[in-house]
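Participant: here is my input; please provide its structure:
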Amino acid sequence: MKVLVVGNGGREHAIAWKLLQSMNVDFVFCTPGNGGTEIMANCQNLPLTVEDFDGIAKAAISHEVGLVVVGPEVPLSLGIVDYLEQKNIKVFGPKKAGAMIEASKSWAKALMAEAGIPTAKSQTFTDIQAAKTYISQQPAPIVVKADVLAAGKGVIVANTREEADSAVDSLWQQGYTTIVVEEFLQGEEVSVLALTDGATFRPLLPAQDHKRIGEGDTGPNTGGMGAYAPAPLVTPAIRERINTEILQPTVETLRKRGIDYRGVIYAGLMITPTGEPKVLEYNCRFGDPEIQAILPLLATPLDELLLACVEQKLGDFPPIQWQNGSCVCVVAAAEGYPGAYAKGKEITGIPESDTTGAVVFHAGTKIEQGKLVTDGGRVLAVSAVGEDFEGARASVYQAVECIEFEGMYYRRDIGYRANR
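Facilitator: Take a look at the predicted model:
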């Protein structure tokens with residue numbers, strides 16, 4: 001089978017890499033892909049944007065692709081799955097109606113209320129003064145969110161009411177005219193991703209990512225500076241509660257609404273100090289960099305799992321198999337990220353890092369005049385598997401230290417919470 005992966009980040013490189021490990025997959029196309037997918041064996045980049053639905057459909061048909069896997073949230077929210085299904089192309093991901101679970105925070109909140117899913121109390125506002133009046137009546141810290149997709153930069157945790165007012169002003173000035181104001185939940189965050197065919201769900205290994213740019217989880221939020229799996233925070237008892245109190249009612253309520261949801265349900269959770277799992281947000285796709293810490297541990301062929309979702313056969317599928325051990329992923333970013341950063345810096349040392357047993361997933365890279373250069377804020381995601389967490393952590397940092405590019409920055413404390 002040939003597979004087409006839509007997207008150009010570290011997530012998409014990891015998906016393509018894992019698909020090619022299957023005996024069922026001969027070739028993978030990536031659109032538009034990146035420098036890593038361009039040089040990967042049995043893989044070819046196609047110069048199409050993720051929003052070129054017609055071009056993607058024509059490429060899938062002309063290359064006789066058996067499955068399209070959509071990585072990013074934007075094409076999902078714009079209806080790429082609906083479009084490709086109309087062309088009789090098999091595609092993994094939710095349709096536009098289901099992708100609202102990520103595209104609109106208020107829509108997701110309404111779904112959770114209907115399903116009785118534990119989450120932070122919140123209110124949605126389209127009037128800036130009403131939002132500030134509500135904020136004046138709430139205890140700080142306060143969470144302020146843009147209702148729509150904001151590329152990971154639409155959530156602000158305000159330590160005071162004044163900061164919350166400023167956050168409302170800032171989002172409004174950026175054009176986000178629907179804003180969600182939410183109570184701040186204490187605890188520790190964890191990501192639980194599940195595959196679903198609309199009726200059955202299968203959770204993947206729980207992961208924890210590090211969103212802040214600075215060590216000790218300080219500084220501005222990013223798309224993610226590293227992750228590790230499985231997260232020891234999620235005990236068997238908590239895992240069972242997540243399944244029964246969150247994932248099951250989510251799938252059932254989507255179905256009750258008549259939404260045919262086949263793809264990933266990513267629950268961003270807060271585990272409170274008393275061990276209560278509560279939903280912070282949903283995403284409608286694989287997490288990045290969480291999936292770069294999960295897929296290296298997956299033993300079941302990825303293509304078989306994704307097809308079982310698309311063909312609504314997940315209920316008959318055997319239990320997902322995992323390798324023993326842990327995986328740690330460290331992101332190497334460009335200097336200045338998540339603010340302004342330079343591109344075009346030559347990257348060296350990846351062949352040396354490969355000898356450590358780690359895997360380097362490319363994100364913001366491209367091939368320019370025969371050289372691999374930086375082309376984004378998060379440049380690389382380096383993942384390593386170990387028999388235990390400490391072994392994986394030692395291996396991944398050994399690999400990261402082999403790699404160089406001008407201004408390269410990475411956190412040296414990824415996974416520190418696992419030892420607490």
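Participant: in this protein, which residue is closest to the centre?
Facilitator: Taking CA atoms, centre = their mean, the centroid of the chain lies closest to residue 287, which sits 1.4 Å from it.
Participant: I'd say it and residue 265 touch.
Facilitator: No: using CB atoms under 8 Å, residue 287 is not in contact with residue 265; the gap is 11.3 Å. (Glycine included, C-beta is placed from N, CA and C.)
Participant: now list whatever residues contact both of those two.
Facilitator: Jointly contacting residue 287 and residue 265 under the rule CB atoms under 8 Å, 6 or more residues apart in numbering are residue 193.
Participant: before we move on, back to that, which SS class is the residue nearest to the centre of the chain?
Facilitator: coil (DSSP: H, G, I helix; E, B strand; the rest coil).
Participant: where does the stretch 251-400 of the chain dip in pLDDT?
Facilitator: Counting by pLDDT under 70, the stretch 251-400 of the chain contains no low-confidence range.
Participant: how about residue 205, phi and psi?
Facilitator: phi -60, psi 140 (degrees, to the nearest 10).
Participant: what's near enough to touch it?
Facilitator: Contacts of residue 205 (CB under 8 Å, 6+ apart): 229, 230, 231, 294, 297, 322.
Participant: so the second one touches residue 204, yeah?
Facilitator: Put plainly, it is residue 230. No: the pair residue 230 / residue 204 is not scored as a contact, 9.3 Å apart, by CB under 8 Å.
Participant: more neighbours, the two?
Facilitator: residue 204 (25 against 22; other CB atoms under 10 Å).
Participant: quick check: that one touching residue 305?
Facilitator: No: look at residue 204 against residue 305 with CB under 8 Å: they stay out of range, at 9.4 Å.
Participant: overlap in contacts of these two?
Facilitator: Common contacts of residue 204 and residue 305 (CB under 8 Å, 6+ apart): 195, 320.
Participant: the nearest residue to residue 226 once chain neighbours are set aside - how many residues pack around it?
Facilitator: The spatially closest residue to residue 226, leaving aside those adjacent along the chain, is residue 414, at 3.4 Å (CB to CB, 6 or more residues apart in numbering). Around residue 414 sit 27 other residues, with neighbours defined as other CB under 10 Å.
Participant: and the helices in the stretch 51-200 of the chain?
Facilitator: In the stretch 51-200 of the chain, the segments counted as helices under DSSP state H, counting those that start in this stretch are 53-62, 73-77, 80-86, 96-103, 105-115, 128-136, 161-173.
Participant: angle of the fourth one against helix 105-115?
Facilitator: The directions of helix 96-103 and helix 105-115 differ by 100 degrees, with axes from the mean of the first three to the mean of the last three CA atoms, to 10 degrees as the criterion.
Participant: and if you look at the first one?
Facilitator: Angle, helix 53-62 to helix 105-115, by the same axes, to 10 degrees: 70 degrees.
Participant: mind listing what's buried along helix 53-62?
Facilitator: By neighbour count on 16 or more other CB atoms under 10 Å, the buried set for helix 53-62 is 53, 56, 57, 59, 60.
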